[in-house]
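**Student:** sharing a sequence plus its predicted fold:
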Amino acid sequence: MAANKEPEDFDSPFYKTANAFFSSYSHLGLTYDDVTLATCYSEILPRDTQLETELAEGLKLNIPMISADMDTVTEARMAIAMALNGGLGLIHYNMADRQQLSEVGRVKNNVHGLIQDPIKVTAEQLIGDVLNLIEKKRFAFSTFPVVDSQGKLLGLLSGHVVKPRYAKRKVADALTPRAQVHTIAKKELGSDHIVKADKFFTEHPGIHKLLVVDERDHLHGLFTMSDIERITQERSAQFKPARDAQFRLVCGAAVSATRNAFGELDRNRILAHVGALVERGVDVVAVSTAHGHSKGVGDTVRMLRDAFPKLPIIAGNVTSAAGVHYLADSGANIVKVGQGPGSICTTRIVAGVGIPQLTALYVASRAVEKKRVTLLADGGINKSGDIVKALTLADAVICGGMFAGCPEAPGEIMEISGKMYKQYRGMGSLAAMKSGSAARYGHDSEASRKVAPEGVEALKEVTNSLDRVVAQLIGGIQSGMGYLGASNLSQLRKKARFIRVSPAGQREAEPHDVVELKTAN
């Protein structure tokens, strides 16, 4: 009889669907490295796969990646870069409300191709001061507009003279004077400023900078030829920037279920702040706490849903189908799944709670069948293969540590033993809670009263730019989809077949029996 079996019949006892696989391991919590995916017959080339995902009505991403709402990961610069790559940045709330509004405004008002607030220098500075600024901030450019104390344009400091040999000279003695600097009046930009700038650079060979000024000659922005070329190429790119209906970059913001002095939900403050975020054009808000299956989170989501019926709301975090049901019934469109999988999170050690991430995603995904919500896999991602596995059960992933070393992430760079690092800390760490995230873990603003923080402070080695990191991750996701014969994320979920991996199998998957000379990075 066995000889008459179809080939698929031989495979099915080993390579199982999500339902069959996870049901057989209902007694055991599994995470990404505990399983691998079986390959399938494929007619799909990786380069032809599509990664679009719709998280809620009106919120569509071109890649299924979101940068975490952590104070060492996402502020305006990261959110802009994520959106330009087709994803989404969630701006953290460990800052004053006014500052968060400003960060969201910077993303939404980011004029495509125009650097609205370029880094400037003054005429009285020394070239040495500029060199120190470049080194401290690790700028990848060395040409700067020169302005006076009122913001009036005085000239342009070219990178050709920003050299150590000129360190003792004043900027005023080395700048290209105003009369020789190419500018365009802000009122002349028109509705398509990219076409205007592109035409200028075509007509002026050798000129790489175009400054924007107002009628009083005050600096209002800067075009670079490299940016304009990138934008014109974008029109034919496979993964386009994520934009709203008004062609602005998409942006999300995290909010806390804050309480007043009486221990009650601070409804007035929450509603006023989210209302201001909506006015700034925010595309989604995230009610972010460590324990999303709780009364405070449910009450906050219901309150926001009543006040803003069309606003997409992310809520979490949970690790159960009951938690997904609860948040969906409260009004959430998108649910974050993950308690303790992050590299800097110690919730499972400190509190003794939390579920290994892949099992948590499977259990949560069962509730999605009955509730019209989408899932985000939040935490535990450290390679592109993890993202492929997560996307067999979730609609997108949230990454923190993967992006924390990028220059777009907040925080200063430090050098230790010849290597460059950036700070990375869990939002449950003592330092983060002192900065404002205590409510995320159910404590008041007096963080010192929390006996055991649920996160650590750490360092991440500085990595490539976000563009390059995301490009590598996308390549890995597309490869995984090609192996499964999936042209899009929906097919990936349908075709995924799982098998448990032994510790020896895990070691086999890594480079072994060699001396590595160069890593994937």
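**Tutor:** Now that the structure is in, tell me what you want to look at.
**Student:** mind listing the strands in the stretch 51-200 of the chain by residue range?
**Tutor:** According to DSSP state E, counting those that start in this stretch, the stretch 51-200 of the chain carries its strands in the segments 53-56, 59-61, 65-67, 88-91, 121-122, 144-147, 153-157, 176-177, 183-185.
**Student:** could these be laid out in CSV, adding mean pLDDT, distance to Gly340 and mean neighbour count?
**Tutor:** Quick note: C-beta positions are derived from backbone N, CA and C, even for glycine. CSV is the format used below for the strands of the stretch 51-200 of the chain (pLDDT from 0 to 100; distance: least, C-beta to C-beta, whole Å; neighbours: other C-beta atoms under 10 Å):
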stretch, mean pLDDT, distance to Gly340, mean neighbour count
strand 53-56, 97, 23, 20
strand 59-61, 97, 26, 20
strand 65-67, 98, 19, 29
strand 88-91, 98, 19, 30
strand 121-122, 96, 46, 18
strand 144-147, 96, 45, 24
strand 153-157, 96, 49, 22
strand 176-177, 96, 55, 14
strand 183-185, 95, 53, 16
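**Student:** for these, which one sits closest to Ile334?
**Tutor:** Counting by C-beta to C-beta, Ile334 lies closest to strand 53-56 out of the strands of the stretch 51-200 of the chain; the figure is 5.1 Å.
**Student:** next, format the strands of the stretch 51-200 of the chain as JSON lines and append distance to Glu510.
**Tutor:** Formatted as JSON lines, the strands of the stretch 51-200 of the chain follow (distance: least, C-beta to C-beta, whole Å):
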{"stretch": "strand 53-56", "distance to Glu510": "29"}
{"stretch": "strand 59-61", "distance to Glu510": "31"}
{"stretch": "strand 65-67", "distance to Glu510": "24"}
{"stretch": "strand 88-91", "distance to Glu510": "31"}
{"stretch": "strand 121-122", "distance to Glu510": "48"}
{"stretch": "strand 144-147", "distance to Glu510": "45"}
{"stretch": "strand 153-157", "distance to Glu510": "48"}
{"stretch": "strand 176-177", "distance to Glu510": "53"}
{"stretch": "strand 183-185", "distance to Glu510": "54"}
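**Student:** mind checking the ones you listed for the one nearest to Glu461?
**Tutor:** Between Glu461 and the strands of the stretch 51-200 of the chain, the shortest gap by C-beta to C-beta is with strand 65-67, which sits at 17.9 Å.
**Student:** what lies in contact with the closest one?
**Tutor:** When contacts are taken as C-beta atoms under 8 Å, 6 or more residues apart in numbering, the neighbours of strand 65-67 outside the stretch itself are 73-74, 78-79, 82, 85, 87-90, 252, 376, 387, 396-400, 403, 470, 473.
**Student:** for Arg348, give me the pLDDT.
**Tutor:** pLDDT for Arg348: 82.
**Student:** where do the strands sit along the stretch 201-350 of the chain?
**Tutor:** Listed from the start of the chain, the stretch 201-350 of the chain has strands (DSSP E, counting those that start in this stretch) covering 209-213, 219-224, 252-255, 284-288, 313-318, 334-337.
**Student:** ok, and what's touching stretch 474-492?
**Tutor:** Applying C-beta under 8 Å, 6+ apart, the set of residues contacting stretch 474-492 from outside is 37, 39-53, 63-64, 239, 383-385, 387-388, 391-392, 395, 494-496.
**Student:** restricted to helices, list the residues you listed.
**Tutor:** Using DSSP state H, the members of the contacts of stretch 474-492 that fall in helices are Ser384, Gly385, Ile387, Val388, Lys494, Lys495.
**Student:** with distance to Val284 and pLDDT added, can I get those residues in JSON lines?
**Tutor:** As requested, those are exported to JSON lines (distance: C-beta to C-beta, whole Å; pLDDT from 0 to 100):
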{"residue": "Ser384", "distance to Val284": "24", "pLDDT": "97"}
{"residue": "Gly385", "distance to Val284": "27", "pLDDT": "97"}
{"residue": "Ile387", "distance to Val284": "20", "pLDDT": "98"}
{"residue": "Val388", "distance to Val284": "24", "pLDDT": "98"}
{"residue": "Lys494", "distance to Val284": "27", "pLDDT": "97"}
{"residue": "Lys495", "distance to Val284": "29", "pLDDT": "97"}
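**Student:** just the closest of those residues to Asn94, please.
**Tutor:** For those, the residue nearest Asn94 by C-beta to C-beta is Ile387; the value is 25.9 Å.
**Student:** what about that closest one, distance to Ala471?
**Tutor:** Using C-beta to C-beta, to the nearest Å, one obtains 13 Å as the distance from Ile387 to Ala471.
**Student:** and stretch 313-322, what's buried?
**Tutor:** Applying a neighbour-count criterion of 16 or more other C-beta atoms under 10 Å, one finds Ile313, Ile314, Ala315, Gly316, Asn317, Val318, Thr319, Ser320, Ala321 buried in stretch 313-322.
**Student:** and the closest residue to the second one other than its chain neighbours, bridged to which residues?
**Tutor:** Spatial nearest neighbour of Ile314, chain neighbours left out: Ala286 (3.8 Å); criterion: C-beta to C-beta, 6 or more residues apart in numbering. Beta-bridge partners recorded for Ala286 (DSSP bridges): Ala254, Ile314.
**Student:** neighbours of Lys196, how many?
**Tutor:** Burial of Lys196 is recorded as 17 neighbouring residues (other C-beta atoms under 10 Å).
**Student:** can you check the one 4 residues further on too?
**Tutor:** By other C-beta under 10 Å, the residues close to Phe200 number 16.
**Student:** got it, and Asp33?
**Tutor:** Counted with other C-beta under 10 Å, residues neighbouring Asp33 total 20.
**Student:** pull out the buried positions in the helix ranked longest in the chain.
**Tutor:** With residue count as the measure and DSSP H as the assignment, the chain has helix 466-484 as its longest helix. Of the residues in helix 466-484, those with enough neighbours to count as buried (16+ other C-beta under 10 Å) are 466, 469-470, 472-474, 476-484.
**Student:** C-alpha coordinates for that helix, PDB please?
**Tutor:** What follows is helix 466-484, C-alpha atoms only, in PDB (Å, rounded to 0.1, in the frame of the first residue of the first chain):
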ATOM      1  CA  LEU A 466      18.300  51.700   7.800                       C
ATOM      2  CA  ASP A 467      18.100  51.500   4.000                       C
ATOM      3  CA  ARG A 468      20.700  48.800   3.800                       C
ATOM      4  CA  VAL A 469      19.400  46.900   6.800                       C
ATOM      5  CA  VAL A 470      15.900  46.800   5.500                       C
ATOM      6  CA  ALA A 471      17.100  45.900   2.000                       C
ATOM      7  CA  GLN A 472      18.900  42.800   3.500                       C
ATOM      8  CA  LEU A 473      15.800  41.800   5.500                       C
ATOM      9  CA  ILE A 474      13.500  42.200   2.400                       C
ATOM     10  CA  GLY A 475      15.900  40.000   0.400                       C
ATOM     11  CA  GLY A 476      15.700  37.300   3.100                       C
ATOM     12  CA  ILE A 477      11.900  37.500   3.200                       C
ATOM     13  CA  GLN A 478      11.600  37.200  -0.500                       C
ATOM     14  CA  SER A 479      13.900  34.200  -0.600                       C
ATOM     15  CA  GLY A 480      11.800  32.500   2.000                       C
ATOM     16  CA  MET A 481       8.600  33.200   0.000                       C
ATOM     17  CA  GLY A 482      10.300  31.900  -3.100                       C
ATOM     18  CA  TYR A 483      11.200  28.600  -1.400                       C
ATOM     19  CA  LEU A 484       7.500  28.200  -0.400                       C
END
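**Student:** now do it: distance to the chain's middle.
**Tutor:** The gap between where helix 466-484 is centred and where its chain is centred comes out at 16 Å by C-alpha atoms, centre = their mean, to the nearest Å.
**Student:** for the residue lying closest to Lys389 once chain neighbours are set aside, give me its contacts.
**Tutor:** Distance criterion C-beta to C-beta, 6+ apart; nearest residue to Lys389, sequence neighbours excluded, is Tyr32 at 5.2 Å. Contacts of Tyr32 were listed using C-beta under 8 Å, 6+ apart, and they are Gln357, Leu358, Gly380, Ile381, Gly385, Asp386, Lys389, Ala390.
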